[in-house]
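S.K.: Next come a sequence and a model predicted from it.
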Amino acid sequence: MTETRSKGKPNKTMEEIVSLCKRRGYLFQSSEIYGGLNSCWDYGPLGVELKRNVKEAWWKRMVRRREDIVGLDSSILMHPSIWKASGHLANFTDPLVDCKVCKGRFRADHIATSQCPKKPSKCPGEHSECDLTEPRMFNLMFKTFLGPVESDSAVVYLRPETAQGIFVNFQNVQRAARAKLPFGIAQIGKAFRNEITPGNFTFRTREFEQMEIEYFVMPGTENEHYETWKKTRFDWYVELGMRPSHLRLREHGSDELAHYARGCADIEYLFPFDWSELEGIANRTDYDLKCHQAESGKDLTYFIEEEKKHVVPYVIEPSAGADRGTLAFLLDAYEQEGDRTVLRLHPELAPVQVGVFPLVKKDGMPEKSREVMDLLLDHSFAAFYDESGAIGRRYRRQDEIGTPYGVTVDSDTIADGTVTLRLRDDMSQTRVKIQELPGALREATHAYKRVDRGVETP
């Protein structure tokens, strides 16, 4: 897949999204009643559902719908020799500079895009009140101790990535699953990096969740699989409603590649602050398996039965952030149409799929609405019941949290058993029989295509 360079422009600010997230229960500042903890966030009732749906959509398409990928959930705490073998102990560092005046700390390679705490209009070092130290290397791994004694022999680390848990389990998984090359191992899990300058809401945090695949292939076939995975992962975001004009695929230059990588491409999203990485797809060669084989002394080869020989597989790694992806889906869904705020989330991702409303709180409509609600819950729809306020206001509340469908029970419902089905994006309405409602909703979700009213759609 060739590089895509779109010319889109962000149409909202991060402040608008942060305000919406707190107001509607998507995200809260962690430890807020104690003044908060920098770069740490808590997912509220809607946020936890959205993030769970993003992870579920990834797992469904990357694992359950494929025969060549299996899952793993490795431990967060692992033997410290793993991080020695992988190079994280020696090389997982960023250059750090301190300001002797304001005591601020900055990544030396991000000075040009950082803000001085005392003069936000300036970068650190741009005015006379700054006094920056020489850069020094800072290891990003969180260190802790295993057991009751804090000694050098008890040191362990919170994993900075989930990938190494997959590599050290390569033989276990391959043999247990009787997997043949090419095959992949997928994992969703927490990772931790002691970032020097986290920020931009949940874009860069010290605690985050990764969705990673290590796809093992025969040496000599890696280029073909690398190209296939770039397209597969790019298309996943578009399939789930993200606008193509807000996405691009950027191939790394030779000066950007990690020493072990033969190729790497970023899927970038047009965040309010600029284009930035959403996901990376890398050709990691056979570097990781060979490093762990050498350090552990264990055989991590794959035996080719037909040729009676052992090989060390090459690895293609699509690595996405669940938190960063959730943020991008929120940003891309957000629109302001006059007095209507709407989140155009794909129905598969929306925290609430269906709002159920009695037109008025009398004439049997609340009771009938509860029957509709029970039917939807029985069919595993995420439904929400609301009888408070005018019907238009209830629609607007659901539009703002991204609910794609609204079901209204009125006097006709009592007479003929039909309800009004309203679509969030274009606000169109149709009548549907109650017993046919679950099927109609599934059909609408399957056929969903985003509609942006008054906004140019690529």
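M.R.: Alright, I've got the coordinates.
S.K.: What ranges does the stretch 351-458 of the chain have for its strands?
M.R.: Under the criterion DSSP state E, counting those that start in this stretch, strands of the stretch 351-458 of the chain are mapped to 354-358, 383-385, 405-409, 418-423, 429-433.
S.K.: will you turn those strands into a markdown table that also has mean pLDDT and mean neighbour count?
M.R.: C-beta here means a position set from N, CA and C on the backbone, and glycine is covered the same way. Output for the strands of the stretch 351-458 of the chain, formatted as a markdown table (pLDDT from 0 to 100; neighbours: other Cβ atoms under 10 Å):
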| stretch | mean pLDDT | mean neighbour count |
| --- | --- | --- |
| strand 354-358 | 98 | 25 |
| strand 383-385 | 97 | 19 |
| strand 405-409 | 98 | 25 |
| strand 418-423 | 98 | 20 |
| strand 429-433 | 97 | 13 |
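S.K.: Distance to Tyr395 added to these, as a markdown table?
M.R.: Converted to a markdown table, the strands of the stretch 351-458 of the chain look like this (distance: least, Cβ to Cβ, whole Å):
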| stretch | distance to Tyr395 |
| --- | --- |
| strand 354-358 | 8 |
| strand 383-385 | 12 |
| strand 405-409 | 6 |
| strand 418-423 | 7 |
| strand 429-433 | 10 |
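S.K.: who wins for proximity to Gln398 among those strands?
M.R.: Closest of these to Gln398 is strand 354-358, at 4.2 Å (criterion: Cβ to Cβ).
S.K.: Alpha carbons of that closest one, as CSV, please.
M.R.: Presented in CSV, the C-alpha positions along strand 354-358 are these (Å, rounded to 0.1, in the frame of the first residue of the first chain):
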residue,chain,number,x,y,z
VAL,A,354,-30.4,2.2,21.6
GLY,A,355,-32.3,4.8,23.6
VAL,A,356,-35.9,3.8,24.5
PHE,A,357,-38.4,6.6,25.2
PRO,A,358,-42.1,6.7,26.1
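S.K.: Who are the packing partners of that strand?
M.R.: Counting contacts by 3 or more Cβ pairs under 8 Å, 6 or more residues apart in numbering; DSSP states H and E, strand 354-358 is packed against helix 365-378, strand 383-385, helix 391-401, strand 405-409.
S.K.: Give me the angle between it and helix 365-378.
M.R.: 160 degrees (axes from the mean of the first three to the mean of the last three Cα atoms, to 10 degrees).
S.K.: In its sheet, which strands sit next to strand 354-358, and in what direction?
M.R.: Sheet pairing of strand 354-358 (DSSP bridges) gives strand 383-385 (parallel), strand 405-409 (parallel).
S.K.: Next, the angle from the longest one to helix 391-401.
M.R.: Just to be clear, that refers to strand 405-409. Using the same axes, to 10 degrees: strand 405-409 against helix 391-401 is 160 degrees.
S.K.: just to revisit the earlier point, which one of the strands of the stretch 351-458 of the chain lies closest to Asp274?
M.R.: strand 418-423 (33.5 Å).
S.K.: That closest one - contacts with which helices or strands?
M.R.: Checking 3+ Cβ pairs under 8 Å, 6+ apart, strand 418-423 ends up next to strand 405-409, strand 429-433, helix 437-446.
S.K.: let's see it at 10 Å
M.R.: strand 354-358, helix 365-378, helix 391-401, strand 405-409, helix 411-416, strand 429-433, helix 437-446 (3 or more Cβ pairs under 10 Å, 6 or more residues apart in numbering; DSSP states H and E).
S.K.: now that strand, how far from the chain's geometric center?
M.R.: Centroid separation for strand 418-423 versus its chain: 32 Å, with Cα atoms, centre = their mean, to the nearest Å.
S.K.: in its sheet, what does it sit against?
M.R.: Short version: by DSSP bridges, strand 418-423 pairs with strand 405-409 (antiparallel), strand 429-433 (antiparallel).
S.K.: and the helix or strand Gln293 falls within, how far from the chain's centre?
M.R.: Per DSSP states H and E, Gln293 falls inside helix 287-296. With Cα atoms, centre = their mean as the basis, helix 287-296 stands 29 Å off its chain's centre.
S.K.: Quick check: closest non-adjacent residue to Glu126.
M.R.: Residue nearest to Glu126 in three dimensions, not counting chain neighbours: Cys116, with 6.9 Å by Cβ to Cβ, 6 or more residues apart in numbering.
S.K.: Next, the contact list for that neighbour, please.
M.R.: 99, 101-102, 104, 106, 122-127, 129-130 (Cβ atoms under 10 Å, 6 or more residues apart in numbering).
S.K.: roughly how far apart are it and Cys130?
M.R.: Distance, Cys116 to Cys130, by Cβ to Cβ, to the nearest Å: 6 Å.
S.K.: Kindly report the same for Glu209.
M.R.: Separation of Glu209 from Cys130 (Cβ to Cβ) stands at 36 Å.
S.K.: Same question for Phe201.
M.R.: According to Cβ to Cβ, Phe201 stands 26 Å off from Cys130.
S.K.: List the buried residues in stretch 112-132.
M.R.: If you call a residue buried by 16 or more other Cβ atoms under 10 Å, then stretch 112-132 has these buried ones: 114, 116, 123-124, 130, 132.
S.K.: Ends of it, what's the gap?
M.R.: Criterion Cα to Cα, to the nearest Å; first-to-last residue distance in stretch 112-132 is 13 Å.
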